[in-house]
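J.: whatever this is, show me its structure:
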Amino acid sequence: MPEQSLEPMAVSIVVPVWQEAEVIEDSLRALEPLRRAGHEVLVVDAGSPDGTARKAAPLCDRVIESGKGRAAQMNTGAGAARGNLLLFLHADTQLPERALAELRNFYTHSERSWGRFDVRLSGSRMMFRVIAWFMNRRSRLTGICTGDQALFVRREVFEVLGGFREMPLMEDVELTSRLRLVSRPFCIHAPVVTDSRRWEQEGIWRTILLMWWLRWRYWRGESPQSLVNSYRTDVRNG
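T.: Got it, this is the predicted structure:
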């Protein structure tokens with residue numbers, strides 16, 4: 001485990017985006033308090049044709065162009081980051097108001113190498129609360145987290161592990177499986193709020209079954225490319 005750092009915490013928030021023009025401005029405005037406190041926000045765009053990069057530019061520290069694939073984008077952002085704490089945030093996920101205080105507590109008082117937030121889905125239906133409870137509970141028991149939970153990791157640990165493996169699906173599960181060997185995650189109870197639109201558009205039960213089916217196949221050793229092909233076929237046929 002890393003020794004407690006004597007340096008002041010400097011957070012680099014890496015936001016990978018692909019065609020997020022509808023939500024990117026609101027998402028980045030929500031991060032303004034962290035930028036005012038001296039932390040940086042990096043938006044990594046994979047060539048979105050909908051003007052995402054143009055809308056993001058005035059509201060972040062840098063817009064970085066990257067090849068396609070969330071893993072590649074997050075590695076590109078991490079490589080350009082100046083901070084000693086990397087936080088990977090989806091464009092449709094918002095941090096809690098106490099995020100900075102919670103991250104500072106982790107950075108200065110914990111010997112753990114990485115962590116994540118609890119998650120809450122934005123929709124008002126009771127089923128979304130149930131889904132979030134199971135997601136958080138599963139993550140706490142297994143020590144594995146997904147990108148929706150706003151993974152954060154000490155920069156030196158991320159670099160030693162070689163960052164995300166550039167795979168089309170499950171890159172978050174794969175990285176946290178390796179991080180778990182370094183330390184258990186630091187779990188922040190204050191939840192991030194992630195957009196429930198995917199669940200609403202594709203159907204709650206259908207989405208639950210699809211996610212568990214893909215995860216089960218991944219743990220059985222199927223290739224991420226095979227999984228992403230199945231995922232895309234399922235979505236097209238839905």
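J.: just checking, what packs against the helix or strand hosting residue 141?
T.: Assigning secondary structure by DSSP states H and E places residue 141 in helix 126-142. Applying 3 or more Cβ pairs under 8 Å, 6 or more residues apart in numbering; DSSP states H and E, one finds that helix 126-142 contacts strand 114-121, strand 186-194, helix 204-219. In this view, the C-beta of every residue, glycine as well, is placed from N, C-alpha and C.
J.: quick check: mean pLDDT across the helix or strand following that helix?
T.: The C-terminal neighbour of helix 126-142 among helices and strands, as given by DSSP H and E, is strand 152-154. Averaging pLDDT along strand 152-154 yields 98.
J.: check which helices and strands strand 152-154 sits against.
T.: Counting contacts by 3+ Cβ pairs under 8 Å, 6+ apart, strand 152-154 packs against strand 85-88, helix 99-109, strand 114-121.
J.: doesn't residue 163 belong to a helix?
T.: No. Assignment of residue 163 by DSSP: H, G, I helix; E, B strand; the rest coil gives coil, placing it outside any helix.
J.: show the low-confidence segments of this structure, by residue range.
T.: Residue ranges of the chain with pLDDT under 70: 1-7, 199-205, 207-238.
J.: go again using 90 as the cut-off
T.: Applying pLDDT under 90 to the chain flags the ranges 1-8, 122-132, 134-135, 138-139, 145-147, 167-170, 194-238.
J.: find the centremost residue of it, please.
T.: Residue closest to the mean C-alpha point of the chain, counted by Cα atoms, centre = their mean, is residue 147 at 3.2 Å.
J.: next, the contact list for it, please.
T.: Contacts for residue 147 (Cβ atoms under 8 Å, 6 or more residues apart in numbering) come out as 70, 88, 90, 172.
J.: one more pass at 6 Å, please.
T.: Neighbouring residues of residue 147 by Cβ atoms under 6 Å, 6 or more residues apart in numbering: 90, 172.
J.: now do it against residue 132, distance only.
T.: 15 Å (Cβ to Cβ, to the nearest Å).
J.: and stretch 57-68, how far apart are its ends?
T.: 19 Å (Cα to Cα, to the nearest Å).
J.: list the buried residues in that stretch.
T.: 59, 60, 61, 63, 64, 66 (16 or more other Cβ atoms under 10 Å).
J.: residue 15 should be in a strand, yeah?
T.: Yes. Residue 15: assigned to a strand according to three-state DSSP.
J.: no more questions from me, cheers.
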